[in-house]
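In: Could you work out the structure for the sequence below:
(one chain, ligands or ions: 2)
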Amino acid sequence: MTTTTLLMVNQALDHILSVLTPLPAEHVPLLASYGRVLAEDVRAWQDIPPFTNSAMDGYAVRAVDAAAATVGAPVRLRVVGQVAAGDAPHAEVSPGMAVRIMTGAPLPHGADAVVRFERTRADAGDVLILAAPQIGENVRQAGEDVRAGAVALAAGIVIRPPIVGLLASLGYGRVACHRRPRVAVLSTGDELVDIDTPLTPGKIRNSNGYTLAALVQEAGGVPVPLGIARDNYADLHAKIEAGLAEGVDLFLTSAGVSVGDYDVVKDVLAGEGAMDFWQVAIKPGKPLAFGRIQGVPIIGLPGNPVAAAVAFEAFARPAIFRLLGRGGATRVALPATLAEAVENSGRRHYMRAWVRRVGDDFVVTTRGHGVTVQGSGILSSLAWANCLLIVPEDITHLAAGARVDVELLVDSLDA
Ligand code: AMP
Ligand code: MG
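Out: Numbering: from 1, shown residues only. Ligands and ions are numbered 1, 2, ... in the order given. Coordinates of the predicted model:
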């Protein structure tokens, strides 16, 4: 699919995803499973809760015995025992009797309701019930949370903290998760120096290597930083070989895929593996390379810092999600009102934007950070943005006040 015509973002993404499959499962300790993707269905082998128990501190009773109870005419029951959380079920409630019970304690045989302390009054070894309980009131039935035999958690879900807890209550000390992809990050360019090197004329710091490594982490991958390769065949070839020797699952490069005199990434990739070069209808960041070297998928991202990050968002993030076994890679969308008119021209435009709550609406602006906010080299625009306004290819104009969806880059709006 090598082409010089403009490829749609979806076409390029479909092609990339078509060669990727989820990485195999590995069994990890429960707490290490947090944030990872479940590789197998998890079945419950026991009921949760495992036994019927009290939801309140109070008295376990037979509802029928106290059916006539009111504050004015309490029902007197004889207290024949007590049961605390952690006790094995031992007491029994016979007609006319009650057992003092604590939250989480097993419901005594014979009882079918718990009257909480606030609706009772102790009276010389008896208890006065001040309100009639319903059958099942304040009782947690065995299996009401999870039934034995049921699939409690389906493969593919992301393990969030309550899921860690659910796995614990089901007795899973180790969890089958897809292996996290190891993702090589190689920056290319003769102008680049690393952060601890003083800037000399003509040089800039390698920011892409760090942005991309952090994006890999955010997406759930493990970055393998490879530093900087120079714009010549020999150095680039050597750095790619070194990266492949690290046993990576995905390879990202930045820069050198355009039409400049020193854009050798294309030459090296073409020389080494099966490689396609595309002009993708995306803004910022048209040039993109994709293929495989020694079986490892490789995405050649553009060099401009915003273009590199946007191309990561459009292609590398979904690729990492696929390797992780996650279903999609769509960020959370928020409906908002556009503050100002926006123009577009035939490419999918990933506009950096800021959304905030205004009354009972959300308002999004693509300005507010200087006039150059949408330039492809303005990394501070992406640092400023808390969302992306993704304008589709076929939309040329959005009026001020238009209703749009924005994709959130943050997990809270008060940041
Ligand atoms: P290129 O695709 O090689 O033509 O690079 C496009 C632009 O991105 C140039 O201005 C480069 O200096 C810049 N650039 C390339 N790589 C990086 C990087 N790792 N960090 C920051 N800027 C970069
Ligand atoms: Mg370059």
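In: When you work out contacts or count neighbours from here on, use the C-alpha atoms and nothing else.
Out: OK.
In: Can you name the element that comes right after the helix or strand containing residue 15?
Out: Assigned by DSSP states H and E, residue 15 belongs to helix 9-18. Counting by DSSP H and E, the next helix or strand C-terminal to helix 9-18 is strand 25-29.
In: So which elements touch that following strand?
Out: strand 174-178 (3 or more Cα pairs under 8 Å, 6 or more residues apart in numbering; DSSP states H and E).
In: which other helices and strands contact the strand it packs on?
Out: Right, strand 174-178 is packed against strand 25-29 by 3+ Cα pairs under 8 Å, 6+ apart.
In: The strand it packs on: how far from the chain's middle?
Out: 18 Å (Cα atoms, centre = their mean, to the nearest Å).
In: Can you list the buried residues in it?
Out: Residues of strand 25-29 classed as buried by neighbour count (16 or more other Cα atoms under 10 Å): 25, 28.
In: before we move on, the earlier item: next, the buried residues of the helix holding residue 15.
Out: 9, 12-13, 16-17.
In: Tell me which residues are up against that helix.
Out: 280-282, 290, 314-315, 318-319, 322, 348 (Cα atoms under 8 Å, 6 or more residues apart in numbering).
In: returning to that earlier point: filtering the buried residues of helix 9-18 by proximity to ligand 2, which remain?
Out: The subset of those within reach of ligand 2, by Cα under 5 Å from the ion, is empty.
In: Identify the bridge partners of residue 182.
Out: residue 222 (DSSP bridges).
In: Can you read off the pLDDT for it?
Out: Per-residue pLDDT puts residue 182 at 98.
In: Likewise for residue 291?
Out: Residue 291 is given a pLDDT of 93.
In: Just to check, residue 98 is in contact with residue 80?
Out: Yes. Residue 98 lies in contact with residue 80 (Cα atoms under 8 Å); the separation is 6.2 Å.
In: Report the beta-bridge partners for residue 279.
Out: Counting by DSSP bridges, the residues bridging with residue 279 are residue 6, residue 287.
In: since we're on it, how many residues are nearby?
Out: Residue 279 has 21 neighbours, counted by other Cα atoms under 10 Å.
In: rewinding a little: next, format the buried residues of helix 9-18 as TSV and append distance to residue 70 and pLDDT.
Out: Conversion of the buried residues of helix 9-18 to TSV gives the following (distance: Cα to Cα, whole Å; pLDDT from 0 to 100):
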residue	distance to residue 70	pLDDT
9	70	96
12	72	95
13	68	96
16	70	95
17	67	96
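In: what does the chain put close to ligand 1?
Out: Contact residues, the chain versus ligand 1 (Cα under 6 Å from any ligand atom): 187-189, 206-209, 254-258, 302-305.
In: among these, which are in strands?
Out: 187-188, 254 (DSSP state E).
In: and which of the residues of the chain next to ligand 1 is nearest residue 108?
Out: residue 209 (63.6 Å; Cα to Cα).
In: would you list every one of the strands in the stretch 51-200 of the chain?
Out: Using DSSP state E, counting those that start in this stretch, the strands of the stretch 51-200 of the chain run over 53-54, 58-61, 75-83, 97-101, 113-116, 120-123, 126-129, 139-140, 151-153, 174-178, 182-188, 192-193.
In: Nearest to residue 335, out of the ones you listed?
Out: strand 151-153 (30.2 Å).
In: how about that closest one: buried residues?
Out: So, applying 16+ other Cα under 10 Å, buried residues of strand 151-153: 152-153.
In: Could you check how far that strand is from the centre of its chain?
Out: With Cα atoms, centre = their mean, you get 19 Å for strand 151-153.
In: swap in stretch 316-326?
Out: The answer for stretch 316-326 is 11 Å, by Cα atoms, centre = their mean.
In: buried residues in that stretch?
Out: For stretch 316-326, by 16+ other Cα under 10 Å, it's 316-326.
In: gap between residue 68 and ligand 2?
Out: 86 Å (Cα to the ion, to the nearest Å).
In: What of residue 236?
Out: Taking Cα to the ion, one finds residue 236 at 12 Å from ligand 2.
In: dump the residue contacts of that residue.
Out: Residue 236 touches 188, 229-230, 265, 268, counting by Cα under 8 Å, 6+ apart.
In: Regarding it, what is its secondary structure?
Out: Following DSSP: H, G, I helix; E, B strand; the rest coil, we place residue 236 in the helix state.
In: who does the lengthiest strand in the chain pair up with?
Out: Counting residues, the longest strand in the chain under DSSP E turns out to be strand 348-358. As defined by DSSP bridges, the strand partners of strand 348-358 come to strand 282-283 (parallel), strand 361-365 (antiparallel), strand 387-391 (antiparallel).
In: Out of those strands, flag the one nearest residue 339.
Out: Of the strands paired with strand 348-358, nearest to residue 339 by Cα to Cα is strand 361-365, at 5.2 Å.
In: And the average pLDDT for the following helix or strand past that closest one is what?
Out: The C-terminal neighbour of strand 361-365 among helices and strands, as given by DSSP H and E, is helix 379-384. In this model, helix 379-384 has an average pLDDT of 91.
In: Any buried residues in helix 379-384, and which?
Out: Buried residues in helix 379-384 (16+ other Cα under 10 Å): 379, 381-382.
In: Beta-bridge partners for the spatially most central residue of the chain, please?
Out: By Cα atoms, centre = their mean, the chain has its centre lying nearest to residue 158, at 6.3 Å. Beta-bridge pairing for residue 158 (DSSP bridges): residue 37.
In: correct me, but it touches residue 40?
Out: No. Under the criterion of Cα under 8 Å, residue 158 is not in contact with residue 40, lying 11.8 Å apart.
In: and the stretch 101-250 of the chain, which residues reach ligand 2?
Out: Counting by Cα under 5 Å from the ion, the stretch 101-250 of the chain sits next to ligand 2 at residue 189.
In: So what's the residue count around the residue of the stretch 101-250 of the chain found nearest ligand 2?
Out: Closest to ligand 2 within the stretch 101-250 of the chain is residue 189: 4.7 Å, counting by Cα to the ion. The local packing of residue 189 (other Cα under 10 Å) involves 23 other residues.
In: what sits against it?
Out: Applying Cα under 8 Å, 6+ apart, the residues contacting residue 189 are 228-231, 255-256.
In: Got the phi and psi for it?
Out: phi 150, psi 130 (degrees, to the nearest 10).
In: Model confidence for it, exactly?
Out: 96.
In: do the one 4 residues further on as well
Out: Among the per-residue scores, residue 193 shows a pLDDT of 98.
In: That one contacts residue 203, correct?
Out: Yes. When contacts are counted by Cα under 8 Å, residue 193 is listed as touching residue 203 (6.7 Å).
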